[in-house]
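A.B. asks: Just need the structure, nothing else, for what follows:
(one chain, ligands or ions: 2)
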Amino acid sequence: MKKTIISVKNLKKKYGIFEAVKGISFDVLEGEIFGLLGPNGAGKSTTLEIMETLRQKTSGEVIVDGMDLDKEPNKIKKIIGVQLQTSGFYPGLNLLELIELFAGLYNQQVDPMGLLELVNLTDKAKSKYKQLSGGQKQRFSIATTLINQPKIVFLDEPTTGLDPQARRNLWDLIKDIRKKGTTVIITTHYMDEAEQLCDRIAILDEGKIIALASPDKMIDDLVASGFEKPKLVKSANLEDVFISLTGKEMRAE
Ligand code: ADP
Ligand code: MG
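C.D. replies: Ligands and ions are numbered 1, 2, ... in the order given. Next up, the predicted model:
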């Protein structure tokens, strides 16, 4: 049995009179990639930011690695990695300098080149953040979440706006992070991504969880309910065509 690392019970969040999160409960298991899916405005970022201690909840209980969010938020901060808003990076510093800056803020010893190697950016070590492509910026921001060697990493739509190669590259990176035993919580709009990456997903709609299971189980349940695709599915899709024509490898960007 896998251990529960995050437990959320009856979580509610109101913005004024508007209830964005309407009493949701779920557990995240240690070492899994847990996906929060749902349309825009469903409450994914709100839920994530509450778990990250960055936003106040209205009510409910959140326990992170045995620590109560209400009582020990500062201890929780130490064991989580949060993807920063990209605007938070000093544009004039190079990647090594930025990592050293963050390491100093976290009071952590890091191996900056090792970290850049993990996210495949060693050749950009001396480049400034503003000189990176979209995919490289995303990879770098994920690298910064790992500086404090967190037990849990939170990623809010890390692949939005990336091309298919950059997205796949990021999937590999996220799987590598999980392989090291780190728990990953990710939000995404891409169903193929959730299917590829996530051990389990919660589908959020209008502030409520409407399904929670592994992607496989959800698909099997739908099929068992008598669902049929309106037309015969081809054994490849347009993205497969695109990747097969343009190659899987990352571009110089
Ligand atoms: P998602 O990330 O799933 O798109 P959000 O958690 O960002 O959803 O937002 C959920 C709902 O709460 C949306 O209707 C959004 O407009 C609203 N909301 C988010 N942040 C605020 C805020 N600071 N003030 C008021 N309403 C907000
Ligand atoms: Mg969001």
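A.B. asks: wouldn't F102 be in contact with L146 here?
C.D. replies: No: using Cβ atoms under 8 Å, F102 makes no contact with L146, being 10.2 Å away. For glycine as for every other residue, the C-beta is placed from the backbone atoms N, C-alpha and C.
A.B. asks: So those two - more neighbours on which side?
C.D. replies: Counted by other Cβ atoms under 10 Å, F102 and L146 do not tie: F102 has more neighbours, with 21 against 18.
A.B. asks: quick one: the helices in the stretch 101-250 of the chain?
C.D. replies: Remark: helices assigned in the stretch 101-250 of the chain by DSSP state H, counting those that start in this stretch are 112-118, 134-145, 164-179, 191-197, 215-224, 238-246.
A.B. asks: Which one, of those helices, ends up nearest to K231?
C.D. replies: K231 lies closest, by Cβ to Cβ, to one member of the helices of the stretch 101-250 of the chain: helix 238-246, at 14.8 Å.
A.B. asks: Give me the contacts around the closest one.
C.D. replies: P164, Q165, R168, D192 (Cβ atoms under 8 Å, 6 or more residues apart in numbering).
A.B. asks: what sits against the residue nearest to R200 when sequence neighbours are not counted?
C.D. replies: The shortest distance from R200 to any non-neighbouring residue, by Cβ to Cβ, 6 or more residues apart in numbering, is to S214 (5.2 Å). If you count contacts by Cβ under 8 Å, 6+ apart, S214 has them with C198, D199, R200, I201.
A.B. asks: ok, back up a step: and the helices of the stretch 101-250 of the chain, which one is worst for confidence?
C.D. replies: Lowest mean pLDDT within the helices of the stretch 101-250 of the chain: helix 238-246, a mean of 81.
A.B. asks: relative to helix 164-179, how tilted is that one?
C.D. replies: Interaxial angle of helix 238-246 relative to helix 164-179 (axes from the mean of the first three to the mean of the last three Cα atoms, to 10 degrees): 100 degrees.
A.B. asks: ok, the residue in the chain that ligand 2 sits nearest to to T160 distance?
C.D. replies: Closest to ligand 2 within the chain is S45: 3.2 Å, counting by Cβ to the ion. Here S45 is placed at a distance of 12 Å from T160 (Cβ to Cβ, to the nearest Å).
A.B. asks: again, but for K217
C.D. replies: In terms of Cβ to Cβ, K217 sits 26 Å off from T160.
A.B. asks: before we move on, what about F34?
C.D. replies: F34 is 18 Å from T160, by Cβ to Cβ.
A.B. asks: Same question for R55.
C.D. replies: Counting by Cβ to Cβ - R55 and T160 are separated by 20 Å.
A.B. asks: likewise G134?
C.D. replies: In terms of Cβ to Cβ, G134 sits 10 Å off from T160.
A.B. asks: cool, A224 as well?
C.D. replies: 32 Å.
A.B. asks: What of G226?
C.D. replies: Distance from G226 to T160, by Cβ to Cβ: 34 Å.
A.B. asks: Looking at these two, which is more packed in?
C.D. replies: Neighbour count, other Cβ under 10 Å: between G226 and T160, T160 has more, with 14 against 6.
A.B. asks: Leaving out chain neighbours, which residue sits closest to that one?
C.D. replies: That would be H189: by Cβ to Cβ, 6+ apart, it lies 6.7 Å from T160.
A.B. asks: How about the contacts made by that neighbour?
C.D. replies: L37, E157, T160.
A.B. asks: give me phi/psi at the last one?
C.D. replies: Right, T160. phi -60, psi 130 (degrees, to the nearest 10).
A.B. asks: Spell out which parts of the protein neighbour ligand 2.
C.D. replies: Contacts of the chain with ligand 2, taken as Cβ under 5 Å from the ion, map to K44, S45.
A.B. asks: Show me where the chain has its strands.
C.D. replies: With DSSP state E as the criterion, the chain has strands at 4-15, 18-29, 33-37, 59-64, 67-68, 80-82, 152-156, 183-188, 200-205, 208-213.
A.B. asks: got TSV for those, with distance to K128, mean neighbour count and mean pLDDT too?
C.D. replies: As requested, those are arranged in TSV below (distance: least, Cβ to Cβ, whole Å; neighbours: other Cβ atoms under 10 Å; pLDDT from 0 to 100):
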stretch	distance to K128	mean neighbour count	mean pLDDT
strand 4-15	36	17	98
strand 18-29	36	17	98
strand 33-37	31	24	97
strand 59-64	34	18	98
strand 67-68	37	14	98
strand 80-82	23	22	94
strand 152-156	23	22	96
strand 183-188	27	24	96
strand 200-205	36	21	95
strand 208-213	41	15	95
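A.B. asks: I appreciate the help and will end here.
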